[in-house]
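# Predicted coordinates and the sequence they were generated for:
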Amino acid sequence: MAKKKRREIVSDDVPLTSNPFAGLAGALGPLPEGPPVEAEPAPPEPRPKPAAPASARVIVRRQKKGQGGKAATFVEGLAAEQRTTMLAALKRELGCSGRIEGEAVVLGTKDHARVARWFEAAGVGQVVLGN
């Protein structure tokens with residue numbers, strides 16, 4: 001198949017003479033005053049960290065079994081009523097996925113040391129770091 005021939009565009013260097021919107025500029029008239037603009041919006045309030053788990057011991061371990069070959073971090077020892085709030089806070093802080101499996105919180109990260117540091121900063125009494 002042969003290459004298509006390009007059409008040559010010839011210009012006489014004359015600017016466009018037709019402007020269909022030129023007549024609309026004066027048709028509107030003056031615009032009404034808008035609402036006053038604030039100088040700077042207030043910074044967002046920092047989210048409070050969830051309360052430390054009721055249990056004084058949390059086990060953080062890394063596991064590949066049953067995860068399709070991917071490493072996941074399991075957090076055990078949380079009270080039943082605090083699993084969902086801790087899961088939401090951990091997902092937001094660590095930027096990873098997560099779910100609740102039985103009595104464990106499963107996070108989609110293999111950085112279990114970072115999860116343990118987060119629990120220590122939250123005020124958990126004893127954080128046990130597994131494999």
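Received, thanks. Residues are numbered from 1 along each chain as shown.
# Can you list the low-confidence ranges for the protein?
1, 15-16, 47-55 (pLDDT under 70).
# All the strands of it, residue numbers only.
For the chain, the strands defined by DSSP state E occupy 57-63, 72-76, 98-101, 104-107, 126-129.
# Pull the contacting residues for the most centrally placed residue in the chain.
The residue lying closest to the centre of the chain (CA atoms, centre = their mean) is G95, at 6.5 Å. With CB atoms under 8 Å, 6 or more residues apart in numbering as the criterion, no residue contacts G95. The way it works is simple: take the backbone N, C-alpha and C, and place the C-beta from them, glycine included.
# tell me the helices in the protein, going along the chain?
83-94, 112-122 (DSSP state H).
# that older thread, mind checking which of the strands of the chain is nearest K91?
strand 98-101 (4.8 Å; CB to CB).
# Quick check: neighbours of the closest one in the sheet, parallel or antiparallel?
Here strand 98-101 is paired, per DSSP bridges, with strand 104-107 (antiparallel).
# Identify the residues contacting the partner strand?
Against strand 104-107 from outside (CB under 8 Å, 6+ apart): 72-76, 78, 83, 86-87, 90-91, 94, 96-100, 115.
# Understood, closing this out.
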